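[1] Give me coordinates for this.
(2 chains)
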Amino acid sequence: MRTSQYLIATLKETPSDAEVVSHQLMLRAGMIRKLASGLYTWLPMGLRVLRKVETIIREEMDRAGAMELLMPAVQPAELWQESGRWEQYGPELLRVKDRHNREFCIGPTHEEVITDLVRNELHSYKQLPCNLYQIQTKFRDEIRPRFGLMRGREFLMKDAYSFHIDQDCLEDTYQKMYQTYCRIFDRLGLDYRPVLADTGSIGGASSHEFHVLAESGEDAIAFSNESDYAANVEMAEAIAPSAPRPAATQPMTEVATPDTKSIEQVSQFLDKPPQQLLKTLIVLGEADDEAEPELVALVLRGDHQLNEIKAAKLPGVASPLELATDQQIQKTVGCQPGYIGPVNLKIKTYVDHSAANVADFICGANKDEIHLSGVNWDRDCSFDAAADLRQVEAGDPSPDGNGTLDIKRGIEVGHIFQLGNKYSNALNATVLDNTGRAAVMEMGCYGIGVSRVAAAEVEQNHDENGITWPEALAPFKVVLIPLNMHKSEMVSDATEKLYSQLQDAGIEVLMDDRKERPGVKFADMELIGIPHAVVIGDRSLKEGNLEYRSRKDGSSQSIAIDEMFAFLQGL
RNA sequence: CGGGGCGUAGCGCAGUUUGGUAGCGCACCACGCUGGGGGUGUGGUGGUCACAGGUUCAAAUCCUGUCGUCCCGACCA
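    Predicted coordinates for the structure are as follows:
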């Protein structure tokens, strides 16, 4: 490709609405352009990268025995009504009507479509397991698209669905997909971790997320420093303290605490560490149809944070978790939030393991402007159950018993689930088993955010001059940078010769034949991130050399004209 | 949806407080010089100042409403 005939859409300045590096650099390198919030055009230079990500994924999925197919992006409402998600999914599902006033949605995922296909096409357990995938554009009307490609509304996704006669078979494929994902992310050159994940709204038994480690990640991941344990903090279990609770040493007394509601304020006002305080949060219980929902109290140590996912799973607690309003609290507890405590609290009370282990604690008195100090469990108050309610923190013991936890940020680029029979049941997807009876198939599903991978890749591979693509993803492998080409015949001859040699050898080469000054060419090609550059100028040519430059480490070396082609081929 | 910011040329911004008929840098076009790190000179092109309504002799500027967009929290590959 010659740059004079290619769209080099580089930007000198960073557009003001781009926050994260990947967004800024992909915009500046002329790889993407925004059309509307969460919608991006892939320019030619960017598309080359996206296609390479696709190719790696496709090769590994095929190698694992999965079969590629392509399903429609637009899906009929009936299927979603059949699975029950037409109601469940909410505003994230973009719904449209056709000219006959029939309802459709733009697919955010394809469980319904694939299950419908498979129930019609597969009839016998002998046809299982069956693993089908596609690489396709999805649409999710995100509440808040952000960070460029990282959370777009329209995005490219590889989604695979596997079908099985039983759980054992599902587990085999799940393991295989786990390994396939590791191969894919290895080949993509990413620093990633598979982590235990919450199965979320999709439902099902087991689940792993694949996270690319990056400061800009939207998720927090907990790692053991000694074993390979890793889990999304939403999931990571906080181990109950093993030491017995210390004995009570203080009498319970009321303390006036005017206008001190937060843990921080109380801690300062009474000069006690937050670990000595307990905070009580009031949330809604499971609603019985029309009836006013009961309230439930959650008690945590002052220095701990509530984990909403864990709390929502407790019996009797509304899911998703919802905090009670000030009015509800006033009515049931009799005070403002900030002065609530477990003493004489008449509602169901869950206490975090750590909070249950504190003696002589301070908590709200359920009266405005008053706290209690020297409070002790059993003697002064009680709770219904101790549970794991809190977010794990760096330094906590690892749930697998090995080492302590460290917390880092990650970008979720892949997710594998054991779905079980949620969809196959709803859509009645059965095959005959070896006894001739209809059996509902077990399902697995496996996603990779293809466009998000491209962005994550930039997050991990950049420097002050631009993107530093790994070889496997770079839009071109080599760029030729002739200097003063339009005046020096020597330069243009050498450039054209090397260019056609490389092209004939099938090496992806870009030749920067623009009539630009050297600085402009160097800057643009570094921004775009082509791994290998050959600088061709009179100066080195006269000595019989060309200059090779590596994008990654910035090093350069002189190589004899005749040897350059072989050198590049050998890279 | 709640909280905050921003909409002026392709990009980055000034001008808005105190109304007077739109400007700077980069980019772009033409020509010249220059030619190994975003060079330079001369001359140009490009704006419904987000939109609608109002106040006024006069509105980018004041008032009202609407829309878009970005950031912080509830969704997920």
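
[2] who in the stretch 1-150 of chain A is up against RNA strand B?
    Applying the criterion CB under 7 Å from any atom of the strand, the portion of the stretch 1-150 of chain A that neighbours RNA strand B consists of A:10-17, A:19, A:34, A:36-38, A:92, A:109, A:140, A:142-147. Just so you know, the C-beta spots here come from the backbone N, C-alpha and C atoms, and that holds for glycine as well.

[3] Not counting sequence-adjacent ones, nearest residue to the spatially most central residue of chain A?
    Taking CA atoms, centre = their mean as the criterion, residue A:412 is the residue nearest the geometric centre of chain A, at 1.8 Å. Take residue A:412 and drop its neighbours on the chain: the residue closest to it by CB to CB, 6 or more residues apart in numbering is residue A:209, 5.2 Å away.

[4] In strands, which of the residues of the stretch 1-150 of chain A next to RNA strand B appear?
    Where these overlap with strands, as defined by DSSP state E, the overlap consists of A:34, A:36.

[5] Which of the residues of the stretch 1-150 of chain A next to RNA strand B are buried, as a ChimeraX select command?
    Buried members of those can be picked out in ChimeraX with the line below, counting by 16 or more other CB atoms under 10 Å:
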select /A:10,34,38,109,140,142,145,147
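
[6] Packing partners of the strand or helix carrying residue A:119?
    Secondary structure assigned from DSSP states H and E places residue A:119 in helix A:111-121. Here helix A:111-121 is seen to pack against helix A:77-83, strand A:130-139, strand A:154-164, helix A:422-426, strand A:442-449 when contacts are counted using 3 or more CB pairs under 8 Å, 6 or more residues apart in numbering; DSSP states H and E.

[7] what about that helix, distance to the chain center?
    For helix A:111-121, the separation from the chain centroid amounts to 27 Å (computed by CA atoms, centre = their mean, to the nearest Å).

[8] Run the angle between that helix and strand A:442-449 for me.
    With axes from the mean of the first three to the mean of the last three CA atoms, to 10 degrees as the basis, helix A:111-121 and strand A:442-449 are set at 140 degrees to each other.

[9] now what about helix A:111-121, what contacts it?
    Contacts of helix A:111-121 with the rest of the structure, by CB atoms under 8 Å, 6 or more residues apart in numbering, involve A:71-72, A:75, A:79-80, A:82-83, A:85, A:107, A:130, A:132, A:161, A:163, A:202, A:419, A:423-424, A:427-430, A:441, A:443, A:445.

[10] Any of these buried? List them.
    Among the contacts of helix A:111-121, the ones that count as buried by 16+ other CB under 10 Å are A:71, A:75, A:79-80, A:82-83, A:85, A:107, A:130, A:132, A:161, A:163, A:202, A:419, A:423-424, A:427, A:429-430, A:441, A:443, A:445.

[11] Report the buried residues of the longest strand seen in chain A.
    When every strand of chain A is counted residue by residue (DSSP E), the longest turns out to be strand A:405-420. For strand A:405-420, the buried set under the neighbour-count rule, 16+ other CB under 10 Å, comprises A:405, A:407-408, A:410-420.

[12] For stretch A:220-233, list every residue counted as buried.
    Of the residues in stretch A:220-233, those scored as buried under the neighbour-count criterion (16+ other CB under 10 Å) are A:220, A:221, A:222, A:223, A:224, A:229, A:230, A:231, A:232, A:233.

[13] Where does residue A:557 sit: helix, strand or coil?
    Three-state call for residue A:557 (DSSP: H, G, I helix; E, B strand; the rest coil): strand.
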